[in-house]
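A.B. asks: quick check, what structure comes out for this input:
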Amino acid sequence: MAAIAWPTKTRELHNHHFDSTVWNDFRFRDDDVVIATYAKSGTTWTQQIVGQLIFGGAEDVAIAEMSPWLDLRVPPAAVKYEALEAQAHRRFIKTHLPVDALRYSPAAKYIYIVRDGRDVVWSMYNHHANANALWYQVLNDTPGRVGPPIEPPTGDIRQYFLDWLDRDGHPFWSFWDNVRSWWDIRALPNLLLVHYADLKRDLPGSMRQIAAFLDIAIDEDRFPAQVEHCTFAWMKANAARSAPLGGVFWDGGAEVFIHKGTNGRWTDALTADDIRRYEETALARLGAEGAAWLANGRGGG
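C.D. replies: As a prediction, the model looks like this:
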């Protein structure tokens with residue numbers, strides 16, 4: 001049997017959000033779970049699923065506190081290390097980095113969630129447009145920012161999408177590098193790829209798949225409650241447990257952070273040429289198989 005070629009870290013990423021160096025001194029545990037996405041792709045939803053599986057359907061699982069975004073610049077690395085070291089339960093940690101900008105542990109389990117980039121942008125626009133002054137202060141004015149600040153969005157949502165497409169993820173980071181880096185390592189035994197559309201199509205089935213991957217036995221008596229706690233309606237009603245600091249960074253609070261959870265809102269805003277350009281970019285950056293997976297997941301067309 002050929003030896004597994006495990007990913008290695010080859011670069012650092014810094015911007016108004018990122019400080020990838022935090023992974024360099026992070027002390028893994030063998031049962032750690034790393035939940036990875038580009039952003040606005042089902043990250044919080046998957047954190048909720050993993051939290052429900054670990055804690056057996058408890059209602060008071062505050063995932064925003066338990067499952068930190070490790071490579072976010074704030075708070076400082078030492079604060080995050082200390083909080084994670086203090087956790088006695090199985091840890092589940094969030095990242096928005098591509099594979100080559102973090103340390104990949106052969107002993108940990110990784111779940112990568114992807115969503116059609118057009119749906120990502122529609123969710124991202126809501127996230128960005130409703131951010132308040134505190135959000136900009138934390139991202140732009142705290143020590144350690146590298147590169148230009150993030151500015152409020154201008155123009156309509158179609159223009160926001162076109163800027164994102166033409167400028168490779170502007171004003172956040174590259175979508176295609178992120179997706180491609182995880183897609184390229186899809187054969188690794190400790191990585192599970194999950195598609196947002198499949199979570200929507202079959203939430204109970206997807207939760208069973210994730211539980212099996214994490215070697216978590218399903219308690220059939222508790223499973224209906226676990227599924228209920230991972231529905232959009234339940235998460236919306238309990239949004240303060242999911243949003244960072246209870247939603248203080250968004251006008252409208254946590255309910256804005258847990259927004260709509262729907263796909264396809266772009267269909268009435270983008271032109272046929274916009275859609276063609278997006279699909280051609282997906283094909284060029286991901287190849288035919290990767291582009292089809294990005295568009296449909298495992299359960300769709």
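
A.B. asks: all helices of the stretch 51-200 of the chain, in order?
C.D. replies: Here the stretch 51-200 of the chain has its helices, by DSSP state H, counting those that start in this stretch, at 63-66, 77-85, 117-129, 133-141, 157-166, 175-183, 196-201.

A.B. asks: could you give the average pLDDT over the fourth one?
C.D. replies: Taken as a whole, helix 133-141 has an average pLDDT of 95.

A.B. asks: what does the second one give?
C.D. replies: Model confidence over helix 77-85 averages 97 on the pLDDT scale.

A.B. asks: still on that earlier bit, could you dump the helices of the stretch 51-200 of the chain into JSON lines with distance to residue 103 and mean neighbour count added?
C.D. replies: The C-beta positions use only the backbone N, C-alpha and C, and glycine is treated the same way. Below are the helices of the stretch 51-200 of the chain laid out as JSON lines (distance: least, C-beta to C-beta, whole Å; neighbours: other C-beta atoms under 10 Å):
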{"stretch": "helix 63-66", "distance to residue 103": "21", "mean neighbour count": "19"}
{"stretch": "helix 77-85", "distance to residue 103": "13", "mean neighbour count": "14"}
{"stretch": "helix 117-129", "distance to residue 103": "25", "mean neighbour count": "22"}
{"stretch": "helix 133-141", "distance to residue 103": "24", "mean neighbour count": "14"}
{"stretch": "helix 157-166", "distance to residue 103": "28", "mean neighbour count": "17"}
{"stretch": "helix 175-183", "distance to residue 103": "14", "mean neighbour count": "21"}
{"stretch": "helix 196-201", "distance to residue 103": "26", "mean neighbour count": "20"}
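
A.B. asks: beta partners of the closest residue to residue 191 other than its chain neighbours?
C.D. replies: Nearest residue to residue 191, sequence neighbours excluded (C-beta to C-beta, 6 or more residues apart in numbering): residue 110, at 4.6 Å. Beta bridges link residue 110 to residue 34, residue 191, judged by DSSP bridges.
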